[in-house]
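Undergrad: no sequence for this one, just the structure:
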């Protein structure tokens with residue numbers, strides 16, 4: 001085996017993610033999980049915890065969730081209407097790019113604060 005065709009790099013020390021990076025990573029992992037669920041949906045398998053709801057006409061409505069809350073995708077809009085699971089997969093891949101750009105950082109921070117507040121002991 002030869003590494004002649006590959007671009008080799010020096011080892012970079014890993015740095016711990018800050019809170020924003022951890023929230024983004026958590027959300028991107030959940031989006032990837034939802035993409036896998038939609039791929040299973042096309043095969044006729046259904047799994048618990050899906051962000052999408054199938055409508056009587058066969059279309060799907062999907063929302064991007066953090067914790068148990070839907071994220072606001074645009075002013076007053078929290079869901080995407082898709083005609084087929086494949087369209088939802090495309091929408092989630094687009095959401096993945098938006099998350100990595102940091103568009104949802106403010107919403108993620110607000111939701112995280114609300115979640116942490118529920119765990120604080122009452123005095």
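TA: Here it is on my side, so go on. Nothing here was measured: the structure is a model prediction, and the numbers come from that model.

Undergrad: For this protein, which residues score under the pLDDT cut-off?
TA: Filtered on pLDDT under 70, the chain yields the residue ranges 1, 121-123.

Undergrad: Which elements pack onto the longest helix along it?
TA: Identified as the longest helix of the chain according to DSSP state H is helix 19-42. Judged by 3 or more CB pairs under 8 Å, 6 or more residues apart in numbering; DSSP states H and E, helix 19-42 is in contact with strand 52-54, strand 65-66, helix 85-101, helix 105-119. For glycine as for every other residue, the C-beta is placed from the backbone atoms N, C-alpha and C.

Undergrad: Can you say which of those is nearest to residue 8?
TA: Ranking the helices and strands packed on helix 19-42 by proximity to residue 8 (CB to CB) places helix 85-101 first, at 25.5 Å.

Undergrad: returning to what we had before: with mean neighbour count and distance to residue 32 added, can I get the helices and strands packed on helix 19-42 in CSV?
TA: Below are the helices and strands packed on helix 19-42 laid out as CSV (neighbours: other CB atoms under 10 Å; distance: least, CB to CB, whole Å):
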stretch, mean neighbour count, distance to residue 32
strand 52-54, 15, 15
strand 65-66, 18, 14
helix 85-101, 17, 7
helix 105-119, 13, 16
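
Undergrad: between these, which gets nearest to residue 29?
TA: Short answer: helix 85-101, nearest of those by CB to CB, at 10.1 Å.

Undergrad: angle of that closest one against helix 105-119?
TA: For helix 85-101 against helix 105-119, the angle between stretch directions is 90 degrees (axes from the mean of the first three to the mean of the last three CA atoms, to 10 degrees).
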